[in-house]
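[1] predicted model and sequence below, questions to follow.
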Amino acid sequence: MMDPHFKRAVILITEHTQAEGTVGFILNKPIKVMMNDLIDDFPEIESPVYFGGPVAKETLHYIHDVGDILDDSVKIGPGIYWGGDFEKLKFLIASKLVLPQNIKFFLGYSGWSPEQLKDEMDYGSWVEAHMDGNYAFKTKHHNLWGQVMSNKGGNFKVIGEMPDGAFLN
């Protein structure tokens with residue numbers, strides 16, 4: 001995808017319904033802001049904020065792997081949760097029960113109207129891949145797209161190893 005918002009983007013789909021559409025977050029596009037720069041009274045955490053997508057860029061979202069201790073979290077997949085009680089999250093961070101490796105914060109989100117993502121998939125704009133919690137919380141953002149493509153194997157592995165802009169050579 002050549003759209004600068006989505007070029008080489010790895011997106012975690014967090015919600016998909018036929019009636020409402022699809023919501024997801026770009027996992028590998030950090031912005032030059034740390035979480036503590038956004039909210040004055042937020043407990044100290046060395047956590048970068050990521051560009052979640054071009055929709056509602058003023059909204060804050062988070063995914064994490066501590067759904068067993070953060071009330072109101074929505075399980076997305078094995079070891080991946082979305083949202084939860086924000087006040088309790090602040091308490092858990094202040095208590096050092098949630099560390100930077102447990103959570104990712106996003107400004108904005110990626111969204112598709114009903115059938116829009118299906119149409120884009122049918123057109124070939126996206127590559128579907130299995131989501132692994134390690135992608136979200138352990139793989140470095142600058143390696144993530146290549147790692148996901150490599151793990152798919154075959155031609156995807158070759159594409160994942162190509163430098164950005166290789167077609168310009």
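    Received, thanks.

[2] point me to the helix or strand that includes Leu144.
    Assigned by DSSP states H and E, Leu144 falls within helix 141-152.

[3] using CSV, list the CA coordinates for the helix or strand bottoming out on mean pLDDT in the chain.
    None of the helices or strands of the chain scores lower by mean pLDDT, DSSP states H and E than helix 154-161, at a mean of 76. The C-alpha trace of helix 154-161 is given here as CSV (Å, rounded to 0.1, in the frame of the first residue of the first chain):
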residue,chain,number,x,y,z
GLY,A,154,7.7,-17.9,0.2
ASN,A,155,7.4,-14.7,-1.9
PHE,A,156,6.3,-12.7,1.2
LYS,A,157,9.7,-13.5,2.8
VAL,A,158,11.5,-12.0,-0.3
ILE,A,159,9.3,-8.9,-0.2
GLY,A,160,9.9,-8.5,3.5
GLU,A,161,13.6,-8.5,3.0
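
[4] could you report the pLDDT at Gly165?
    Note for Gly165: predicted pLDDT of 64.

[5] same question, Pro114
    pLDDT at Pro114 comes out at 89.

[6] give me the nearest residue to it, chain neighbours excluded.
    Gly21 (4.8 Å; Cβ to Cβ, 6 or more residues apart in numbering). For every residue, glycine as well, the C-beta is placed using N, CA and C.

[7] what's the local residue count around the nearest residue to Val148 once chain neighbours are set aside?
    Nearest non-adjacent residue to Val148, counting by Cβ to Cβ, 6+ apart: Ala129, 5.1 Å away. Per other Cβ atoms under 10 Å, the neighbour tally for Ala129 reads 15.

[8] thank you, goodbye.
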